Structure formats: structure tokens, C-alpha cells
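Novice: pasting the sequence and the predicted model now:
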Amino acid sequence: MNKLVLANLIHRPMRSIISASAIAIEVVMMVSVAAIFLGQIDGQKIRTNGIGADMIVRPANSSFVAGLGGAPVPARNAEAFRKMPHVMIAAPAIQHTVVESSLEIIWGVDFESYNALRPFTFLQGTPFQGPNDVIVDDVFAESDNGHHVGETIKILNHPFRICGIVAAGKGGRKMIPIETLGQLIGSPNHASIFFLKADSQDNLETIRKEIQSTPGFEGYKVQTMREFLSLMTPENFPGFNIALDVVTTIAALVGFLVIFLSMYTAILERTREIGILKSMGASKLVIVTMVLRESIMMSLVGIGLGIGLTYVIHAVLNQKFPTMFFEITPLWLIKASIIAFTGAIIGASYPAFLAARKDPIDALSYE
């Protein structure tokens, strides 16, 4: 039976190739979209955790999604935080989303306090020397055929000189003076977020209560870094799961329809062959099993091809867009494989039962 199944697949190579390719595309679609979305979330988590802060303070009604809240509060509020007994460092910052050649978040930082949270690791260059300087991380420095200290780049249609290149993992990929970014977005001397360093992990709750009991800060959102990072999940990003569900559904339908059409036309072409098998004593179960085996073999080949293509895409994107974090997870590889395999079996089920129901006499007389 296995030889017969393999012979049928080889006898119709184009149909087999198209079917396996459709399943491969199905797997690539699901895993790649998930990898891009999850990569952006996890990349932001890694960079935020690398700042070195113990707590994050945000204005009331602000979104935890970086770069969406503007700069609605005075940056001088950092001075009030610094005066609190258990706060060692308070660093104001602005996170501003821009859409130019790509979607990115520009960070405005007060270098002295921000660096005090956890010092930058400078690979080249120096801290800000002027208001129009920018510090970039090594990932950005290696993108677009490379960037170097002294080069001028445009941010918000304004020229900035790269003054330093630092190791990635400390907030943003591009950081400019907070005063400069505030002026460029029309919010001078303001901030969108504050990073705090405590004298002890045991005093985090005390700091929270003190901030929220201070007049003017009652509505501020005060969270530990762990609490803040725990919010960075697909469920908390608007439209994330909806987009994944839509892509997954479309991909599954593509695989299902291709397998269904492939096996349905194969059954019509092999009516006489089925009649011969049934006349030789093949049961309905044998016929159904034969058809399903063909779809299983095509789906396994397609799944393997899809996983391989996903890693090829990963390598190409890492080379072409090094600032994009493309995260291939075992969970999504397994999930995509199960969906593709299940869709292939369901798509082949009706043609399989159609073949099993054929009358051997009618099938033998079919021309």
C-alpha cells in the first residue's frame, strides 16, 4: 500500500509539488507573522529590562505601549521623586513613535540620570556633546550598510550627529537629549515616563505608596519593573491576537482548499484504479486509508519545507533588517504544524470517503 501511495504521488509530480508548497506557505505565514509580532514585544521587553530601573512611573491614563502617550507631564517631576527617602535615582524620558522609513520609537533621555540607572557600554564615541547629538546602539549601527560616529542622520526631519555607539539592550536604538526631543514634538521640558532606582528592593512598595499619596501624583501609574514587563504580552496589545487569528485562519483555509482540490481531482482521475482495487477485495477502509496516506505524506513534506523556509526568511531578515527582532518559537512551530496537518487531513477526508463509496462495477466501466 505504501508503494502504491508513493507511486501515485510520483506519477502526478506537479500536483504533489503544488500541494506540498501550499502547506509550506501555510506554515510560513503563521510562523513568520507570529515571529515578527512576538519579536517586537520580546525585543522591547529585553531593552526595557536592560535600562536598570527598579520602578516605572507613568502619567495617569497613559498607555503602557511605548511611544503612544506623548509627553504630557513636566520633566521636573523627577526632582520630586529624587527627594523621596528611598529613591536613589529618578530619570525622566520621552518615548516617541515615528513612522519614516520604518516604524520606530525615538527616546529622549537625560543622559546623566539615565546613565546612572545602569551605565551605557560605549563601543565607540562619547555621550552627548550638544543638543543635536544622537546615541545609537550597535544593532542600528550595523544596519543599512553600517553607520559610524560623526555621521549625520535624520530624525523627525532634523539632522543629528552620531556621537556614540553603545551596546544594545538599554532602552531605545536611537537616543537624543530629552530637551531636544521635547522641542521637536512640541512638548518642551516635559516627559512621558520616569525610571526610578530604589535603595533596596524591599522598599519598592513604600515608594509606590509615597508617590501615590503625594499631592499631584495621586493618579500616576507606579509599577515595579517586573509588573511593567508582565504587561508586555500579546493579550495586552490591541489587535495582536486578532491579526494572528486572521492570518492563521486564512493560511489554514488555503491549505485545506488546495489539499481538497488536489485529492478530489485525483479521485476523479483514478476512478478505474479504485474500481480495480475494490474488485480485488479492497475494503472501504483500505481506500480511505490510501487517500489519507497520500495527504499525510504531502502535508509532512510541506510542513518540513515550510519550517525550513521560515529559517531562511529569518536569516534574510536578520541580514537585511538587523533592527527587527524575528523570534521563531517552538510553540508556534508546533502550532502551525498541527494546524497544517489537521487542515490537510480534513481537506482529504471528503475525497477519501467519496472514493470509498464508488461502486466497483461502475468504476471498472469508467473511461
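Specialist: That came through, no problem. Numbers count the residues shown, from 1 in each chain.

Novice: quick one, strands of the protein?
Specialist: Taking DSSP state E as the criterion, the chain carries its strands at 55-58, 73-74, 87-99, 103-109, 122-125, 133-137, 152-155, 158-166, 174-177, 190-191, 193-198, 221-224.

Novice: what helices or strands is the longest one leaning on?
Specialist: When contacts are defined as 3 or more Cβ pairs under 8 Å, 6 or more residues apart in numbering; DSSP states H and E, strand 87-99 sits against helix 77-82, strand 103-109, helix 111-117, helix 178-184, strand 190-191, strand 193-198. C-beta coordinates here come from the backbone N, C-alpha and C atoms, glycine included.

Novice: so what's the residue count around F195?
Specialist: 27 (other Cβ atoms under 10 Å).

Novice: dump the strands of the chain to a markdown table, plus distance to V254 and mean pLDDT.
Specialist: Compiled in a markdown table, the strands of the chain are given as follows (distance: least, Cβ to Cβ, whole Å; pLDDT from 0 to 100):
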| stretch | distance to V254 | mean pLDDT |
| --- | --- | --- |
| strand 55-58 | 42 | 93 |
| strand 73-74 | 48 | 89 |
| strand 87-99 | 30 | 90 |
| strand 103-109 | 27 | 87 |
| strand 122-125 | 45 | 95 |
| strand 133-137 | 39 | 95 |
| strand 152-155 | 41 | 93 |
| strand 158-166 | 44 | 96 |
| strand 174-177 | 39 | 95 |
| strand 190-191 | 47 | 92 |
| strand 193-198 | 42 | 95 |
| strand 221-224 | 42 | 92 |
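
Novice: nearest to F240, of the ones you listed?
Specialist: F240 lies closest to strand 103-109 among the strands of the chain, at 14.5 Å (Cβ to Cβ).

Novice: follow-up on the earlier one: could you single out the most deeply buried of the helices and strands packed on strand 87-99?
Specialist: strand 190-191 (a mean of 26; mean count of other Cβ atoms under 10 Å).

Novice: what are the pairing partners of that one, and which direction each?
Specialist: If you go by DSSP bridges, strand 190-191 pairs up with strand 73-74 (antiparallel).

Novice: any idea how many residues pack against G130?
Specialist: 10.

Novice: got the contact list for it?
Specialist: Contacts for G130 were tallied using Cβ atoms under 8 Å, 6 or more residues apart in numbering; they are R161, C163.

Novice: could you export stretch 78-92 as CSV, CA atoms only?
Specialist: Provided in CSV are the C-alpha atoms of stretch 78-92 (Å, rounded to 0.1, in the frame of the first residue of the first chain):
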residue,chain,number,x,y,z
ALA,A,78,11.9,63.9,38.6
GLU,A,79,13.2,66.3,41.2
ALA,A,80,10.2,65.5,43.5
PHE,A,81,10.9,61.8,43.1
ARG,A,82,14.6,62.2,44.0
LYS,A,83,13.7,63.8,47.2
MET,A,84,11.8,60.8,48.4
PRO,A,85,13.7,58.8,51.1
HIS,A,86,14.1,55.5,49.3
VAL,A,87,14.6,56.8,45.7
MET,A,88,18.2,56.9,44.7
ILE,A,89,17.8,57.9,41.0
ALA,A,90,14.9,59.3,39.0
ALA,A,91,15.4,59.6,35.2
PRO,A,92,12.8,61.3,33.1
